[in-house]
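Enquirer: any chance you could fold what I've pasted below:
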Amino acid sequence: MLKTKWKLITMLSVLAILLAGKITYAAENFFWSDAVPVPSCYESKDGTKKELGMVIDGKKVVQDIPTCEEAKKKRVLVLVNGKYLHTLDGSGADPFIENGRTMIPLRAVADAFGFEVDWEQNEKKITLTKESKQIIMHIGKSEMSVDGEKVDLGETAPMIQNDVTFLPVRPLAEILGIDVDWEAKTRTATFTE
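Expert: Alright, predicted model coming up:
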């Protein structure tokens, strides 16, 4: 029930932004926009924590809300061809850093770079196809196959977190010849074709 209510709230928010002409593309957990994403946070003058409390199906649900300073230190911005990745609050699809690699949701990667996606549950196998290029990855394995050739991802591997599949995006971009830049101060990964 909680997930359904959050989806309804976030879908209404996306619809309002879409009607205002600010979104390029909207999916279940993310959308692309010219606007810089604003983290869910509050301004703290005294450094105290805030909570958001709700009653759902007769049970009190409490969620900690970070200060804006805390939220900005942890967030990772993803900019692809001039459009920012926005993830919906509560979706679990926020980009993050894992072993020095930017991890973004599989569906956002597919959308940003024009991949068709195939998922084989039994093998936890992801196949990304774009034109004549085929990339095969497995959840938890730090090696991928690009047109039959093995490529090492280093210490990072595709993973599932919060029921969302995340991929290390830099190696995919580099394979496609997309320029990649990391701005540490703003924690922004920029990809340009």
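
Enquirer: list the buried residues of stretch 171-183.
Expert: Neighbour-count burial for stretch 171-183 flags 171, 172, 173, 175, 176, 178 (criterion: 16 or more other CB atoms under 10 Å). No exception for glycine: its C-beta is placed from N, CA and C like everyone else's.

Enquirer: same question for stretch 152-168.
Expert: 153, 156, 157, 158, 164, 165, 166, 167, 168.

Enquirer: and what of stretch 79-86?
Expert: Buried residues in stretch 79-86, counted by 16+ other CB under 10 Å: 79, 80, 83, 84, 85, 86.

Enquirer: SS state for the fourth one?
Expert: When the structure is split into helix, strand and coil by DSSP: H, G, I helix; E, B strand; the rest coil, residue 84 lands in strand.

Enquirer: that one touches residue 37, doesn't it?
Expert: Yes. Contact criterion CB atoms under 8 Å: residue 84 and residue 37 qualify, at 5.6 Å.

Enquirer: what is in contact with those two at once?
Expert: Taking CB atoms under 8 Å, 6 or more residues apart in numbering as the contact rule, the neighbours common to residue 84 and residue 37 are residue 77.

Enquirer: who does residue 62 bridge with?
Expert: Per DSSP bridges, the residues bridged to residue 62 are residue 53.

Enquirer: sorry, that was for residue 103
Expert: Going by DSSP bridges, residue 103 forms beta bridges with residue 96, residue 168.

Enquirer: now for it, how many residues are close by?
Expert: 26 (other CB atoms under 10 Å).
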